[in-house]
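Chemist: show me the folded form of this:
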Amino acid sequence: MTDYILPLLLIALLLTCALKRLPVYDLFLKGSKQGLTVALQVLPNLAAMLCAISLMEASGLTQRLLRLLAPVIHLLGLPIETAPLVLLRPLSGSASLGLLEKLLAEFGPDSRTGLIASVVMGSSETIFYTLCVYMSSAKDRRTGYALFCSLAGMLAGVWLAGLMIR
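Modeler: Numbers count the residues shown, from 1 in each chain. The predicted structure is shown next:
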């Protein structure tokens, strides 16, 4: 039954547009052009962010940062194995998903490490990616308190995961 949901929604959309006598194809082209414009505006920021992540990994900066933050990770009540996920999650969704898969395969989904990693993954967002996309499409480079509040919310979620999962 679920295989038919998307085709049925598409048919309902087309029927609604036909009843309202809307120029469906012209509206589709207009929306496609707007989507491409947004993609072109966001692309340089995304490329810079992905380049910075790759440079951090290749230079060993990520490992040094993990060693430096080990006391903070311990203070938050987290296993040290989850530290790379906590650092990577605000930057990259696909990389953090790959790291979650590795942690679950190594420690198991029911282990404390697996449970905390799952909570971190499910309760946080790719903050820098999201801000990059939103600020690029809004043509406003000022993030205001969005970055601080997002990071504080993620830190609270990570801390609660370490506190609640014993």
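
Chemist: and Leu147, what is it in contact with?
Modeler: Residues near Leu147 by CB atoms under 8 Å, 6 or more residues apart in numbering: 127, 131. C-beta here means a position set from N, CA and C on the backbone, and glycine is covered the same way.

Chemist: I meant Leu97, not that one.
Modeler: Here Leu97 is in contact with Met121 (criterion: CB under 8 Å, 6+ apart).

Chemist: now Ser59: how far from Leu50?
Modeler: Ser59 sits 15 Å away from Leu50, going by CB to CB, to the nearest Å.

Chemist: so for these two, which sits in the more crowded spot?
Modeler: Leu50 (14 against 10; other CB atoms under 10 Å).

Chemist: which residue, other than its chain neighbours, is closest to that one?
Modeler: Closest residue to Leu50 in three dimensions, ignoring its sequence neighbours and counting by CB to CB, 6 or more residues apart in numbering: Ser92, at 7.6 Å.

Chemist: in the protein, what helix or strand scores lowest on average pLDDT?
Modeler: The helix or strand of the chain with the lowest confidence, counting by mean pLDDT, DSSP states H and E, is helix 127-138 at a mean of 78.

Chemist: against which helices or strands is it packed?
Modeler: Taking 3 or more CB pairs under 8 Å, 6 or more residues apart in numbering; DSSP states H and E as contact, the helices and strands that helix 127-138 lies on are helix 24-59, helix 146-164.

Chemist: quick one, what contacts the most centrally placed residue in the chain?
Modeler: Most central in the chain under CA atoms, centre = their mean is Thr126, positioned 2.7 Å from the mean C-alpha point. By CB under 8 Å, 6+ apart, Thr126 lies in contact with 89-93, 96.

Chemist: any of these buried? List them.
Modeler: Neighbour counting by 16 or more other CB atoms under 10 Å classes 89-93, 96 among the contacts of Thr126 as buried.

Chemist: from those, which is closest to Met154?
Modeler: Pro90 (6.4 Å; CB to CB).

Chemist: now that closest one. Nearest residue, chain neighbours left out?
Modeler: Using CB to CB, 6+ apart, the closest residue to Pro90 is Ile127 (4.1 Å).
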